[in-house]
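Chemist: Could you work out the structure for the sequence below:
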Amino acid sequence: MKKFNFRKVLDGLTAASPVGSSGGGSGSGAGGGSVHPGGTAGAAGTPREEIQETLTSDYFQICKTVRHGFPYLPTALAFDPVQKILAIGTRTGAIRILGRPGVDCYCQHESGAAVLQLQFLINEGALVSACADDALHLWNLRQKRPAILHSLKFNRERITYCHLPFQSKWLYVGTERGNTHIVNIESFILSGYVIMWNKAIELSTKTHPGPVVHLSDSPRDEGKLLIGYENGTIVFWDLRSKRADLRAYYDEAIHSVAWHHEGKQFMCSHSDGSLTLWNLKSPNRPFQTTIPHGKVQRDGKKPESCKPILKVEYKTCKNSEPFVIFSGGLSYDKPCRRPSLTIMHGKAITVLEMDHPIVDFLTLCETPYPNEFQEPYAVVVLLEKDLIVVDLTQSNFPIFENPYPIDIHESPVTCTEYFADCPPDLIPVLYSVGAKHKKQGYSNKEWPINGGAWNLGAQTYPEIIITGHADGSVKFWDASAITLQMLYKLKTSKVFEKQKVGEGKATAEIVEEDPFAVQMMYWCPESRIFCVAGVSAYVIVYRFSKHEVNTEIASLEVRLQCEVEDIITPEPETNPPFTDASSQLPSLKSLSGSTNTVACEGTMKDSIPCLSVKARPVRMPPGYQADLIIQLVWVDGEPPQQITSLAVNSAYGLVAFGNCNGLAVVDFMQKTVLLSMGTLDLYGSSDPYQRQPRSPRKSRQFAAGLTELNDSAVSLELERCKSPTSVKGSRKLSLPTDLKTDLDHVNGHCTSPTSQSCSSGKRFSSADVSRANRRGPGRPPFRKAQSAACMEISLPVTTEENRENSFSRSRSSSVSSIDRDSKEAITALYFMESFARKNDSAVSSCLWVGTGLGMVIILSLNLPASDDLRQSDPVMVSPSGTILTLKGAVLTFACLDCMGTLTHRPYEVWRDPHSADDGDKTRKRKLVMHSPSSSQDMGDHQFAVICSEKQAKVFSLPSQTCLYVHNITETSFLLRADVVTLCNSVCLACFCANGHIMTLSLPSLRPLLDINYLPVTDMRIARTFCFTNEGQALYLSSPTEIQRLTYSQEMCDNLQDMLGDLFTPVETPEAQNRGFLKGLFGGSGQAFDREELFGEATAGKASRSLAQHIPGSGGIEGVRGAAGGVIGDLTRARIALDERGQKLGELDERTASMMASAEAFSKHAHEVMLKYKDKKWYQF
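Modeler: Numbers count the residues shown, from 1 in each chain. Below you'll find the model as predicted:
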């Protein structure tokens, strides 16, 4: 029962009284008077009956689920050869841990410092990370969400290199000063044992050796440590005697060192592209020096220097020559050569060229023991933007097929859509057509990184993610059960002719290098109709077919312009907004087909599109096939404006799209244009703003379609964002000014107000945030293809005079102003069965149109009565006269029946357009109308849900009474809003520019969730954020990664079951029996006890000021916060058992060690007794 609110009574009276011209003869009853101050929701009318809403705040909780894609800006790589899992560190402080498909974990250092190095505690379920802020962290991988157990922050020295010997609990840490410290992994406390640089080098050496670049213990003797210094000094340090056994010097800087498994020789890589092989018996000079890629000089001199070899690995095989694998080292005389990995096997040298620079690589070997034949079988190569694994067991070194979705960023992502609980047959169908295009030539072996365990969990409904890209490609991904797998790739650019290099300079100025970038997408999963809007002002309608066809592509050209600026004395009453359909259709039909009135050089361009559609028949493989291409054309020398909204309906056979000039409606079944009209003409005499006439423009002086921004009197100032590859004066995506206040401090490069100017000589105010499903009312026509990777934000650039005259107030603050800009963008479109007018007794086909000024216009669609006439009789589009208003640009629509259930949009059941069966059954269209009037007791009224960037309203239809209104935000604005289903109910989910995620109940608009979750520090987040059903959402967290999250409490509770296990119990392989002779002569016979050497009893305590120990939140405490209920209890119990088992194992080991020590002592005592048994006291 709602409480009585006196303020609401007053608001109701205000709503009932006429306020200015906001009602405007529309009879909507939804003027500005029904708004409740303070962001509260209330009833502005009386609903016929109270709908029982089942959703409460207990159903909602925000939680990140999984991150897909390639780790952004990778810096480090590590592999556990027993668990077979891979870890990648990044420059942003993130760690991604990968195993078998489905095992993909993301964790983040709180400091955000770059990861320098990663080291697994092999088969222990733990990982050590060294970061650029000189901190070491120990991660517990025995839980599904890894957490930090300990941290150690160095205060006086900078970490440069770490080494953890196999089955050791002592970590060697090299520093920039050249010192080597030792850390106990169990307690994360620094040992008092330190190898100082001045003790390691010769006393006579006068220069500092530089930072430590390498640390490794000898495979032959664990008590010997090899230390490599940057300047070329190598020290072989005896840990027991605390002195250097040998020192070696080379006149080139060292980058890396690799041991032969016998421990008698090692190899170094240097800055001059050379590899040196050293023998411990003769350390004075290397016994072999090679420059693998250096040209051999004729006169026998040393080969010329090459680029540095950044890393080398030296791996031995029992039955063949050893492998020497290194990165870099190419000759300087080939500057254009791509980064490469070189594999030397015997006398054969293979150079593998890479598409991106190499960050790091690792050789995967059969054994974890460094003193055995390594038997390498693969090389993992981490590139700046890719991860590849090379098969070493085959002579041609093929790569493995990568099962991870790491090619999301193959071309920059420009938009995303997310569909949960879609028809189950879609995923296998898309996979079957996508599998035919898979590349050949991969290794026939299984992917070697196959650790961890993963199962489907309880969530089984199918999910599909669609990504649009800058090169015009569209990718469909299977996202079911928090995994991601590519299903199908569609190349939208294939319908257009390729642009020649010297062709059409004017076109090139507009579209630049990404003319096919996907800007918006619309998909109907049930009918499988797919529609794409491109940056070059075109729309392509696709139908799905399982059969290949060879056909010509149908195309239409639409002239969409706004001429109000050129009308001196408009007469709204004498200019009806809609002409008769019979007079309108013929004139528009002439635009269909190819007009191609290409103007001569120097004359005004008119009626030509930006791209050329292929005129010849095109082969279309099974999958999505272009059915119709609609292109906006140049008008009077001005290029077409970008498309800001898009909607398709398969049941009606219509596609509608709009931009800042107006609206176009196209019949894609008959291939005709039904409507092409300026936004102002849609109102006719019902325009609530009564815009003042404007004088004609004096000149069109801007090249490349960049038009004046100062005549935007509504504060729809065009705000634009720089793409990472944009050039001076290039196009940008446009956005509203009020974003500037929210995004002044973004994580990007901000230019000063006077440092940026356009090449046309005019200055523009600029900022960015594009609504993910609509674009701001942009006048600059073709901005650079906005990759979602866009980082750079440009602040407003205006002259002093313009700054004083510019409109800086938000859109909502001047809604009642009559001085309006003639350009009013179409921001939202929605086809549905609805009551178009106040007195309608039955629902009819409608198109709801939302604008950038918060206006909602309802258009009636008159479709042929029977399916037989649909191909021949014209579809009539006419005004209903209904206009509703909200504050801010309209974002989304939805329709509920009188019981509060979401009404599905009408659709046509999919049928293959090119099926071999041409019978009547196949040709007959099967429509599902989902009309609320399907039942007699439900057809009397419905609810229309409309959300703008400022507020949400629920109207009762056909009375058009505003029942509920909720002011979502006053100081910011929404970037995305979607009506979604959750737990068999429905709600409105919103994402705000200030980072808040909110959900509102429907139809009453009660706030259910409001969490400050994600500050919009980057434009890509704003452009790619989207909600879907079942409490799911996603956004592009970096240019290469998709972050998925849930706002459902139920999914948060079940998340532990859905995530993969990183650690699985695996027996550590036994070491090979070395044999009697090797044990006798092959190394030190004395066991090396690190505990005795580095422990506090012997080495003492380290200086407290050197490093600070910080306890982590991992283990049981971390789990307690991450999981609740039975799952959390089970997880805690399992971790407690793991820890107990670990402690029992340690106890067993200590007991065995004590027994061995006792036996050794007993034996030694017995020997002493025998030695002195028969001697007299005076013989001692």
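Chemist: sec struct for residue 435, please.
Modeler: Here residue 435 is recorded as helix under DSSP: H, G, I helix; E, B strand; the rest coil.
Chemist: which residues does residue 533 contact?
Modeler: Neighbour list for residue 533: 518-521, 539, 643, 646, 657 [criterion: Cβ atoms under 8 Å, 6 or more residues apart in numbering]. Where C-beta positions appear, they are placed from N, C-alpha and C, glycine not excepted.
Chemist: rerun at 10 Å
Modeler: Applying Cβ atoms under 10 Å, 6 or more residues apart in numbering to residue 533 gives the contacts 415, 468, 518-522, 539-540, 630, 642-646, 655, 657, 659, 775.
Chemist: for residue 368, same thing?
Modeler: Counted by Cβ under 10 Å, 6+ apart, residue 368 has contacts 80-82, 120, 122-123, 166-167, 374, 1068-1069, 1071.
Chemist: Of those residues, which belong to helices?
Modeler: Per DSSP state H, helices hold no members of the contacts of residue 368.
Chemist: got the CA positions of stretch 63-79 in PDB?
Modeler: These are the backbone C-alpha positions of stretch 63-79, laid out as PDB (Å, rounded to 0.1, in the frame of the first residue of the first chain):
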ATOM      1  CA  CYS A  63      28.900  -8.600  -9.300                       C
ATOM      2  CA  LYS A  64      31.500  -9.000 -12.000                       C
ATOM      3  CA  THR A  65      31.400 -12.500 -13.600                       C
ATOM      4  CA  VAL A  66      34.100 -13.100 -16.200                       C
ATOM      5  CA  ARG A  67      36.400 -11.100 -18.500                       C
ATOM      6  CA  HIS A  68      36.900 -12.300 -22.100                       C
ATOM      7  CA  GLY A  69      39.400 -11.300 -24.700                       C
ATOM      8  CA  PHE A  70      43.100 -10.600 -24.900                       C
ATOM      9  CA  PRO A  71      44.800  -9.100 -21.800                       C
ATOM     10  CA  TYR A  72      45.300  -5.400 -22.600                       C
ATOM     11  CA  LEU A  73      49.000  -4.200 -22.700                       C
ATOM     12  CA  PRO A  74      50.600  -7.500 -21.600                       C
ATOM     13  CA  THR A  75      54.000  -7.400 -19.900                       C
ATOM     14  CA  ALA A  76      54.800 -10.800 -18.300                       C
ATOM     15  CA  LEU A  77      54.200 -14.500 -18.900                       C
ATOM     16  CA  ALA A  78      54.500 -17.700 -16.700                       C
ATOM     17  CA  PHE A  79      53.500 -21.300 -17.000                       C
END
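Chemist: Can you give me the buried ones in stretch 397-411?
Modeler: For stretch 397-411, the neighbour count (16 or more other Cβ atoms under 10 Å) marks 397, 399-400, 403-411 as buried.
Chemist: centre of the chain versus it, how much separation?
Modeler: 16 Å (Cα atoms, centre = their mean, to the nearest Å).
Chemist: Over to stretch 257-265?
Modeler: 42 Å.
Chemist: Doesn't residue 431 lie inside a helix?
Modeler: Yes. The assignment for residue 431 is a helix, going by three-state DSSP.
Chemist: roughly how far apart are it and residue 230?
Modeler: Counting by Cβ to Cβ, to the nearest Å, the gap from residue 431 to residue 230 is 51 Å.
Chemist: ditto for residue 474
Modeler: According to Cβ to Cβ, residue 474 stands 49 Å off from residue 230.
Chemist: Just confirm residue 1052 is within a helix.
Modeler: Yes. Looking at residue 1052 with three-state DSSP, it is inside a helix.
Chemist: ok, now how distant is it from residue 953?
Modeler: In this view, residue 1052 and residue 953 are 30 Å apart by Cβ to Cβ.
Chemist: the more surrounded of those two?
Modeler: Each of residue 1052 and residue 953 has its neighbours counted (other Cβ atoms under 10 Å); residue 953 has more, 25 against 21.
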